[in-house]
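1. This is a predicted model, with the sequence first.
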Amino acid sequence: MMKELTWKFIENSKEVSGGFDIVFSHEMDSLRFFLLGTSLKSLPSFITSLLNSEGGGGDELCYLETYSNLDGGDFATGNDFEIDEVRIVHSLFDNVILKEKLFLKILYEYAMKVLEINKENKVLGLNWMNLMNDSLDKLKLKIYEDPCA
């Protein structure tokens with residue numbers, strides 16, 4: 001059985017463009033590059049999509065699937081996962097299936113750190129800050145107060 005997954009954030013990393021990185025205790029390149037590849041501008045709308053149990057985010061190279069994204073073909077071929085899980089699909093790395101609640105916790109901490117780092121970013125603007133704060137408040141409620149999450 002795999003040990004508990006932990007993660008940490010690294011600012012001024014030389015390993016990634018932009019200098020902000022997330023490192024996991026286990027090999028999780030799909031998850032790492034999914035998060036790092038999600039554009040800052042689209043992060044609030046991605047969080048909102050997740051709150052509505054929709055997958056998405058990413059691009060043709062890497063994206064997130066929720067249980068509601070699965071279809072009959074996925075179940076017929078065994079290419080499915082449990083209702084309380086999500087799958088990060090990546091064309092360069094192995095796909096990763098995580099408990100949805102764990103993924104939401106990682107995303108919440110990641111997005112909070114992104115918000116902190118970009119609080120003075122005039123390019124993203126006040127509207128982005130407000131959308132991020134709103135989506136993070138709702139995400140926090142889902143993680144910590146929703147018994148189904």
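-> Okay, I see it.

2. going forward, measure contacts between C-alpha atoms and count neighbours the same way
-> Will do.

3. which one's the longest helix in this structure?
-> Counting by DSSP state H, the longest helix found in the chain is helix 125-145.

4. For it, which residues meet the burial criterion?
-> For helix 125-145, the neighbour count (16 or more other C-alpha atoms under 10 Å) marks 128, 129, 131, 132, 133, 135, 136, 139, 142, 143 as buried.

5. And stretch 77-94, by the same measure?
-> 80, 81, 85, 86, 87, 88, 89, 90.

6. Spatially central, which residue of this structure would that be?
-> residue 107 (4.4 Å; C-alpha atoms, centre = their mean).

7. ok, for it, nearest residue in space, not its chain neighbours?
-> residue 35 (7.7 Å; C-alpha to C-alpha, 6 or more residues apart in numbering).

8. any idea which helix or strand carries the one you found?
-> In the assignment (DSSP states H and E), residue 35 maps to helix 29-37.

9. And the helix or strand encompassing the residue nearest to the centre of the chain, what does it pack against?
-> Taking DSSP H and E as the criterion, residue 107 maps to helix 100-117. Helices and strands touching helix 100-117, by 3 or more C-alpha pairs under 8 Å, 6 or more residues apart in numbering; DSSP states H and E, are strand 85-90, helix 125-145.

10. Can you give the distance from that helix to the centre of its chain?
-> Computed by C-alpha atoms, centre = their mean, to the nearest Å, the chain-centroid distance of helix 100-117 equals 7 Å.

11. Could you tell me which residues make contact with the closest residue to residue 15 other than its chain neighbours?
-> Leaving aside its chain neighbours, residue 15 sits nearest to residue 21 (7.8 Å; criterion: C-alpha to C-alpha, 6+ apart). Residues in contact with residue 21, defined by C-alpha atoms under 8 Å, 6 or more residues apart in numbering, are 9, 10, 11, 13, 15, 36.

12. Please name the bridge partners of residue 21.
-> Beta bridges link residue 21 to residue 10 when assigned by DSSP bridges.

13. pLDDT wise, what is it at?
-> Per-residue pLDDT puts residue 21 at 91.

14. Please apply the same query to residue 148.
-> At residue 148, the pLDDT recorded in the model is 60.

15. I appreciate the help and will end here.
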